[in-house]
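Asker: Model the structure of this input:
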Amino acid sequence: MKGQAWLRYVLIFFTLSTLFKTVPAVTHYSVPEEMEEGSVVANLAADLGLDVHTLNKRKIRLDTIATKKYLDINKETGELYIVQKIDREYLCNSKMACFLKLDATIENPVRMFNIEIEIIDINDNAPHFRRDTMHLDISESTPAGERFSLNNALDPDIGSNSINTYYLSENAHFTIEIQTGRDGSKFADLIMKKSLDREEQSIHNLILTAVDGGVPARSGTASIIVRVLDTNDNAPQFDKDSYTIYLIENSPIGSLVVKLNATDRDEGTNSDIIYSYSLYTSEKTQETFSLNQNNGEIRVKEMINYEEFKIYDMEIIATDKGTNSLTGQCKLTIVITDMNDNHPEISIKSFLNIAVGTVIAVVSVTDKDSGENGQMDIYISDGLPFLLRESSDNYYELVITAPLDREKVPEYDITFTVRDRGNPPLSDNETVTLELLDVNDNVPQFPQTFYTIPVMENNAPGALLYSLTAIDPDLHENQYLVYFIIEKEIVNTSISILFSINPENGNLYALKTFDYEIEKEFLFHIEARDSGVPPLSSTCLHVRGTLPSQIPPWSPMMPTGTACF
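Answerer: Numbering: from 1, shown residues only. Okay, the predicted model is just below:
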């Protein structure tokens, strides 16, 4: 509005691959998951040596890397407390160690503290199977002692709260043997302890129960349906029972990992083989590697990242095409080897403060060398309204040196260059794009403040008289304009009965037929208002509607000002 100063808020985004990795001191706490909201974790102010009476003044805040805000600081007591219940399984999935990374930041002067919250697992999940029912086809000629892989149970809890053991319902032909995977997970193999006779019993219904090690223990069950097949007396056999393959990360998609080979001593369709993953093979592995069911080739299906997953264990099943299919199996371990594909990092913390001379970001750099080889200088691009100011060893403050106006300069590219003092010196640089977000700081403006619009008498109702257009240099909703006729009475008649305006495009229409002998002109105001919060408007656009007996040339623009007709 006229005469009123507007405070403009600028939100700054950084997109930066950091130059060097820094390892500051970390304050560590451990809390169990599912703590009630409002529970106090610790007195953070006391642990960090901060004066609790200055926390509000110094604008202490807590930033978290997680998408949800689980903790906050009581600025009156300095206590770190639970804002929202923490579910370890949601936050860290199946990772053994679960940490919530936080940054506590204060101003005047600027200081940052790294906080690490270890989330301790509780037994709040029961074991469950990927499939409630497992189907096994076993030939009656299968010898006793043969083993079959079963669908392992899943429990998102960790440690003693995860799967501890399995139990199989009582039966005369089968037992189980519990196995422990490389990652410590438990799964069960079904062992046939007595030969089957299809003519005696063709279907065996078993119940497999998974029990975790929590107190109290939780359990889950799955049905095993064994169908006894008639004799196809040779099962496929792999060349080896197990394989270990070493594969470099970032191997091209489609590249061959290994070609497995299984043979069947039977003839015809009983020796034709189809390869498949077993139920034991995780969904992650199947998403990463493709298996050709016809020739046993395993190829890379999606990009492999050593930092994300280092070892893939899988079990491959070879099934013949006999009337009563038989299967063979082998275990395959793919070990991912690392390659240097990660850049050093630089740490930047930003502050939403745009006053000239104040800090908007803190940059830290590091060099693992020693002496002059580890001493560094850092620079930014010339000609920008920013400067770098050293705050402490290898920490620099990015300071605004001039007011920022998005309508003049919408974004800045700031190039950070770091160079050590070695001989010869080594250097690197990164460019940050700083975008200024729009605020509603511009009032809509009409090209003229006074319009004279001639209208022929005896006009048709609904006729378009004129198109009025205002301009707003802001963006998005701050730029979207709505047009209004400011209500007034003319000769005891409401202006809204005589004229209407399209609020979206400013088109002005006559709503009735005018008579020159009765009324020769109408004076009213048009307002253009943007959609910002709060909205701004041009409040006194003057419009004169004249009714000549003949349409005269356009009247010259009246002097600008606020006088209305």
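
Asker: ok, and the closest non-adjacent residue to Phe129?
Answerer: Residue nearest to Phe129 in three dimensions, not counting chain neighbours: Ala222, with 3.9 Å by Cβ to Cβ, 6 or more residues apart in numbering. (Each C-beta comes from the backbone N, C-alpha and C, glycine too.)

Asker: tally of neighbours for the one you found?
Answerer: 22 (other Cβ atoms under 10 Å).

Asker: go on, Arg182?
Answerer: Other residues close to Arg182 by other Cβ under 10 Å number 8.

Asker: Tell me which stretches of the stretch 1-150 of the chain form helices.
Answerer: Under the criterion DSSP state H, counting those that start in this stretch, the stretch 1-150 of the chain contains helices at 44-48, 88-92.

Asker: err, the chain, not the other one
Answerer: Per DSSP state H, the chain carries helices over the ranges 44-48, 88-92, 283-288, 495-498.

Asker: Output the ones you listed as JSON lines; include the columns distance to Leu208 and mean neighbour count.
Answerer: Listed next are the helices of the chain as JSON lines, based on distance: least, Cβ to Cβ, whole Å; neighbours: other Cβ atoms under 10 Å:
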{"stretch": "helix 44-48", "distance to Leu208": "48", "mean neighbour count": "18"}
{"stretch": "helix 88-92", "distance to Leu208": "23", "mean neighbour count": "18"}
{"stretch": "helix 283-288", "distance to Leu208": "20", "mean neighbour count": "14"}
{"stretch": "helix 495-498", "distance to Leu208": "78", "mean neighbour count": "15"}
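
Asker: returning to that earlier point: which one of the helices of the stretch 1-150 of the chain has the lowest average pLDDT?
Answerer: Lowest mean pLDDT of those: helix 88-92, a mean of 84.

Asker: For that helix, which outside residues touch it?
Answerer: Under the contact criterion Cβ atoms under 8 Å, 6 or more residues apart in numbering, helix 88-92 has outside partners 33, 66, 98-100, 119-122, 125, 156-158.

Asker: hmm, 10 Å instead?
Answerer: Helix 88-92 is contacted from outside by 32-34, 66-68, 70, 86, 95, 98-100, 118-122, 124-125, 155-158, using Cβ atoms under 10 Å, 6 or more residues apart in numbering.

Asker: Of these, grab the buried ones for ChimeraX.
Answerer: Selecting only the buried entries of the contacts of helix 88-92 in ChimeraX, with 16 or more other Cβ atoms under 10 Å as the criterion:
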select :33,70,86,98,99,100,119,121,124,125,155,156,157,158
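
Asker: circling back to that earlier point, so which of the helices of the chain comes closest to Leu136?
Answerer: Counting by Cβ to Cβ, Leu136 lies closest to helix 283-288 out of the helices of the chain; the figure is 20.0 Å.

Asker: and that closest one, what other elements does it pack with?
Answerer: Judged by 3 or more Cβ pairs under 10 Å, 6 or more residues apart in numbering; DSSP states H and E, helix 283-288 is in contact with strand 273-277, strand 311-320, strand 327-337.

Asker: Off-centre distance for that helix?
Answerer: Centre-to-centre, helix 283-288 and its host chain are 21 Å apart (Cα atoms, centre = their mean, to the nearest Å).

Asker: burial of the closest residue to Met112 other than its chain neighbours, as a residue count?
Answerer: Setting aside the residues directly before and after it, Met112 is nearest to Thr105 in space (Cβ to Cβ, 6+ apart), at 5.1 Å. When neighbours are defined as other Cβ under 10 Å, Thr105 has 17 of them.

Asker: please begin residue numbering at 33 from this point
Answerer: Yes, from this point I'll number from 33; that puts the last item at Thr137.

Asker: hang on, Thr137 packs against Leu87?
Answerer: No. Thr137 lies out of contact with Leu87 (Cβ atoms under 10 Å); the separation is 11.7 Å.

Asker: just to revisit the earlier point, mind listing what the residue nearest to Phe161 touches?
Answerer: Counting by Cβ under 10 Å, 6+ apart, Ala254 has contacts 159-166, 182-185, 198, 238-242.

Asker: Buried members of the residues you listed into ChimeraX, please.
Answerer: This is how ChimeraX selects the buried members of the contacts of Ala254, with burial counted by 16+ other Cβ under 10 Å:
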select :159,160,161,166,182,183,184,185,198,238,240,241,242
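
Asker: if I look at the nearest residue to Pro188 once chain neighbours are set aside, how far off is Ile105?
Answerer: In space, and not counting its chain neighbours, Pro188 is closest to Glu121: 3.9 Å by Cβ to Cβ, 6+ apart. With distances taken as Cβ to Cβ, to the nearest Å, Glu121 is found 26 Å from Ile105.

Asker: May I see the buried residues of stretch 248-256?
Answerer: So, applying 16+ other Cβ under 10 Å, buried residues of stretch 248-256: Arg250, Ser251, Gly252, Thr253, Ala254, Ile256.

Asker: Would you mind putting those residues into TSV with distance to Ile503 and pLDDT alongside?
Answerer: Below are the buried residues of stretch 248-256 laid out as TSV (distance: Cβ to Cβ, whole Å; pLDDT from 0 to 100):
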residue	distance to Ile503	pLDDT
Arg250	67	91
Ser251	70	92
Gly252	66	93
Thr253	71	94
Ala254	69	95
Ile256	74	95
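
Asker: Let me have those in JSON lines, adding distance to Phe341 as columns.
Answerer: As requested, the buried residues of stretch 248-256 are exported to JSON lines (distance: Cβ to Cβ, whole Å):
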{"residue": "Arg250", "distance to Phe341": "28"}
{"residue": "Ser251", "distance to Phe341": "29"}
{"residue": "Gly252", "distance to Phe341": "26"}
{"residue": "Thr253", "distance to Phe341": "30"}
{"residue": "Ala254", "distance to Phe341": "27"}
{"residue": "Ile256", "distance to Phe341": "30"}
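
Asker: So which of those are in strands?
Answerer: If you go by DSSP state E, the buried residues of stretch 248-256 have Ser251, Gly252, Thr253, Ala254, Ile256 in strands.

Asker: Between those residues, which sits nearest Ser357?
Answerer: Ile256 (17.5 Å).

Asker: That closest one and Leu168 touch, don't they?
Answerer: Yes. Ile256 is in contact with Leu168 according to Cβ under 10 Å; the separation is 6.6 Å.

Asker: just the strands in the stretch 183-332 of the chain please.
Answerer: 185-186, 195-200, 206-212, 218-224, 235-244, 251-261, 269-270, 274-280, 288-291, 294-295, 305-309, 321-323, 329-332 (DSSP state E, counting those that start in this stretch).

Asker: give me every residue that touches Lys117.
Answerer: Glu65, Glu66, Met67, Glu68, Glu69, Ser71, Tyr102.

Asker: what's the closest non-adjacent residue to the second one?
Answerer: Closest residue to Glu66 in three dimensions, ignoring its sequence neighbours and counting by Cβ to Cβ, 6+ apart: Lys117, at 5.6 Å.

Asker: domains for the protein, by residue range?
Answerer: 55-152, 160-261, 269-369, 379-468, 482-578 (automatic domain parsing).

Asker: where does this structure dip in pLDDT?
Answerer: 33-56, 97-99, 262, 372-387, 400-403, 470, 521-524, 571-597 (pLDDT under 70).

Asker: quick one: terminal-to-terminal distance for stretch 107-126?
Answerer: 34 Å (Cα to Cα, to the nearest Å).

Asker: so how far is that stretch from its chain's centroid?
Answerer: Distance of stretch 107-126 from its chain centroid, counting by Cα atoms, centre = their mean, is 19 Å.

Asker: Over to stretch 347-362?
Answerer: So, by Cα atoms, centre = their mean, the centroid of stretch 347-362 is 42 Å from its chain's centroid.

Asker: I am finished for the moment; much appreciated.
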